[in-house]
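# Got a sequence here, can you build the structure:
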Amino acid sequence: MNKQIWKIKKEEMKETNLFLYSNFIKKNFNIDIGDNYNKLWKWSINNPKIFWKSIWNFTKVKGNLGNILLQESDAFYKTRFFPDTELNYAENLLAKNNLETAIIFRSENGFKTIISWRNLNLNVQKISNWMKSNGIKKGDRIAAYLPNIPETVIAYLSTSTIGSIWSSCSPDFGADGAISRFSQIGPKILFIGDKYFYDGKIINILDRLPEILSKVSSINKVVIVPYPGTECEKKNNIKKATYNWNELINLTNKNKIQYKMLSFNDPLAILYSSGTTGKPKCICHGTGGVLLQHNKELQLHCDVKENDRIFYFTTCGWMMWNWLVGSLASGASIVLFDGFPLYKKKDLLFEIVSEEQITLLGVSAKYIDTLKNNKVIPKDNYDFPKLRTICSTGSPLSDDGFRYIYKNIKDDVHLASISGGTDIVSCFVLGNLFQPVNAGEIQNRGLGMDVDVFDEKGFSIKNKKGELVCKRPFPSMPVKFWNDDGDSKYKSSYFEKYNNVWHHGDFAKVTDNGGFIIYGRSDTTLNPGGVRLGTAEIYDVVEKFREIKESIVVGQSWKNDIRIILFIVLNTGYKLNIEIKEKIKNAIRSKTSPKHVPSKIVSVLDIPKTKNGKLMELAVKKTVEGEAIKNLESLANPNSLEQFKNIKELSE
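Down below sits the predicted model:
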């Protein structure tokens, strides 16, 4: 079957930002790249100073560009880009100040509101001035426990105008999830929503506030944010100074926004690891690195232009929220949706794409799988004349997932499978418009990102599975981990496996044309008989069965080896029997290899996932092997782990 499924038309390519950038490079550096992506990538990694300065200039970053472009260090993670450069993140996102649309908000409850650039600027002015009048300054931490609503964006930008450090946790994490994160960073102010809507239910957030305040003692002021279009829930027994968001917005304050100029590497935000197997790591990202990397990815890789409309389905607890908000720096509008993506109709998100004339849609690979498995055909119900790009992330998108999109959503669209993570709040590998889209492959490495695949001994390999690495520093690597004396957590997270090379923890393969196939996380790689196998290869086969709704596969330690265990959730009307088991095993054997065939196939009622839809393979493996999972807050369905305990069949 032909792997190439889409390529931009030549005349359209010449209108892309990437082609304009290629001409920019030719004009300024006398280097003729044309539309050769691999040539452009090689130039970008071999000339990091010139390349990242060119991104600053091409994307028109506001700030004071210093004289030192790169301060190198013997230690990968201590290298610093632009150490004497100053800028303000919010100033770059609020460059527009007119009556055009900046933010569109849609809730599953039907409420919609639009915020202009002028009102966005005005609201940031009011909230940031209130924060400063209450003693908030550079370096103070500000916590947000909010749904994906416009007020969250306003609070984020207000925080960054001052040089304070933002940290958000989605309210679908319970109180324990918020506490385990915020208690580590000592925030002074907490922005908290009063409620949110999910699948027709109203979930009260304020009920959790007393417990949060009792366990995060640094919080001295609380701002309660009513859910848009609703009355504020009542608050009880709050002993800290408490304010209503609407009252702050209605304050008269004629002071203009005063943007605090920050060092390129001053902290912007603290994001968190999942924390499933221990306390969440507090990953601190720098102001300039986030801005520059997002400008590069959005404008060059995703072709985002001024007045485009960007819609990424996310919560504010996932790094894709930061990426989405970063679109404002390109002069694009952002669309926020809060709620259940399948509420009342399985193609709800595509109703929004059509009605709001979205140009870039971002979703998780698991969402695409859900649509495919439910035989949803969005193009039968909606038109998408403006949609140019669909991004998929969170887990590997299968060949069938690629083909589903082109067959059932839109046949002329740039499908960009992207992969990176909270660790870098950006991407290592993603799409571009110079190369074709091949089913099942991420198109190439990001510009300026020296990404490769290593074998166990640290040698570069091609067309073989190995470890995804980055061989040279980049601006959006964390500036530090919070509360990490001696950088011990930082070093152990990325630099233990290979000497001074970033080890990302993905099991991957690089193809001859520079494309990448990711097979899953390295720590969940199957290893029967010492042969490393990716879980994605098994999912690709299993989830084609009409009997199977979803599945999860793990390696169980067994008799000094590893054996593969496949857990499946059956569709209504089916029961696991010998015939179905044999069909599954035969299909896996013929389409992958005999090594991939599971030793046991077990029927379960539910599969543990994160709130972003990622399969929790490591949590299942540990549970099967009798280990306790300490932090369950990141799971959307933590009770589902109970069914994986003490399974009799797995002791035989």
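
# C-alpha from now on. contacts and neighbour counts both.
Noted.

# all strands of the stretch 51-200 of the chain, in order?
Secondary structure of the stretch 51-200 of the chain (DSSP state E, counting those that start in this stretch): strands at 70-71, 80-81, 86-87, 101-107, 112-116, 141-145, 165-168, 189-193, 195-198.

# Quick one: closest of these to residue 254.
Nearest to residue 254 among the strands of the stretch 51-200 of the chain is strand 112-116 (18.7 Å), distances taken as C-alpha to C-alpha.

# what comes up buried for the closest one?
115-116 (16 or more other C-alpha atoms under 10 Å).

# Which strands and helices lie in contact with it?
The helices and strands touching strand 112-116, judged by 3 or more C-alpha pairs under 8 Å, 6 or more residues apart in numbering; DSSP states H and E, are strand 101-107.

# Any chance you could list what contacts the strand or helix carrying residue 334?
Assigned by DSSP states H and E, residue 334 belongs to strand 333-338. The set of residues external to strand 333-338 that reach it, using C-alpha atoms under 8 Å, 6 or more residues apart in numbering, is 101-108, 147-150, 197, 307-315, 324-325, 327-328.

# 6 Å instead?
102-107, 148, 309-311 (C-alpha atoms under 6 Å, 6 or more residues apart in numbering).

# could the strands of the stretch 51-200 of the chain go into TSV alongside mean pLDDT?
What follows is the strands of the stretch 51-200 of the chain, written out as TSV (pLDDT from 0 to 100):
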stretch	mean pLDDT
strand 70-71	97
strand 80-81	98
strand 86-87	98
strand 101-107	98
strand 112-116	98
strand 141-145	98
strand 165-168	98
strand 189-193	98
strand 195-198	94
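
# hey, where'd the strands end up in the stretch 351-500 of the chain?
Using DSSP E, counting those that start in this stretch, strands in the stretch 351-500 of the chain cover 360-364, 389-393, 414-417, 419-421, 426-430, 437-438, 444-445, 451-454, 466-470, 480-481.

# Paired strands for the third one, with orientation please.
The one in question is strand 414-417. strand 389-393 (parallel) (DSSP bridges).

# and the partner strand, how far out from the chain's middle?
Averaging C-alpha positions (C-alpha atoms, centre = their mean, to the nearest Å) puts strand 389-393 11 Å from its chain's average.

# for stretch 125-139, same thing?
For stretch 125-139 - counting by C-alpha atoms, centre = their mean - the centre lies 29 Å from the chain centre.

# how is this structure carved up into domains?
112-260, 532-651 (automatic domain parsing).

# Now do the contacts for residue 63.
Taking C-alpha under 6 Å, 6+ apart as the test, what residue 63 contacts is 86-87.

# Check the burial of the nearest residue to residue 170 once chain neighbours are set aside by counting its neighbours.
Nearest non-adjacent residue to residue 170, counting by C-alpha to C-alpha, 6 or more residues apart in numbering: residue 317, 4.6 Å away. Neighbour count for residue 317, taken as other C-alpha atoms under 10 Å: 25.

# Could you name the specific helix or strand carrying residue 317?
Judged by DSSP H and E, residue 317 forms part of no helix or strand.

# Just confirm it contacts residue 173, I think it does.
No. Using C-alpha atoms under 6 Å, residue 317 makes no contact with residue 173, being 8.6 Å away.

# export stretch 368-377 as CSV, just CAs?
This file holds the C-alpha atoms of stretch 368-377, laid out as CSV (Å, rounded to 0.1, in the frame of the first residue of the first chain):
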residue,chain,number,x,y,z
ILE,A,368,-9.1,10.1,16.2
ASP,A,369,-9.2,6.4,17.1
THR,A,370,-12.5,7.0,18.9
LEU,A,371,-14.0,8.6,15.8
LYS,A,372,-12.7,5.8,13.6
ASN,A,373,-14.0,3.1,15.8
ASN,A,374,-17.4,4.7,16.0
LYS,A,375,-17.5,5.1,12.2
VAL,A,376,-18.0,8.9,12.5
ILE,A,377,-17.8,10.7,9.1
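
# buried ones in that stretch?
So for stretch 368-377, counting by 16+ other C-alpha under 10 Å, buried means 368-373, 376-377.

# closest to residue 30 out of the strands of the stretch 351-500 of the chain?
strand 444-445 (23.5 Å).

# Who are the packing partners of the closest one?
strand 426-430 (3 or more C-alpha pairs under 6 Å, 6 or more residues apart in numbering; DSSP states H and E).
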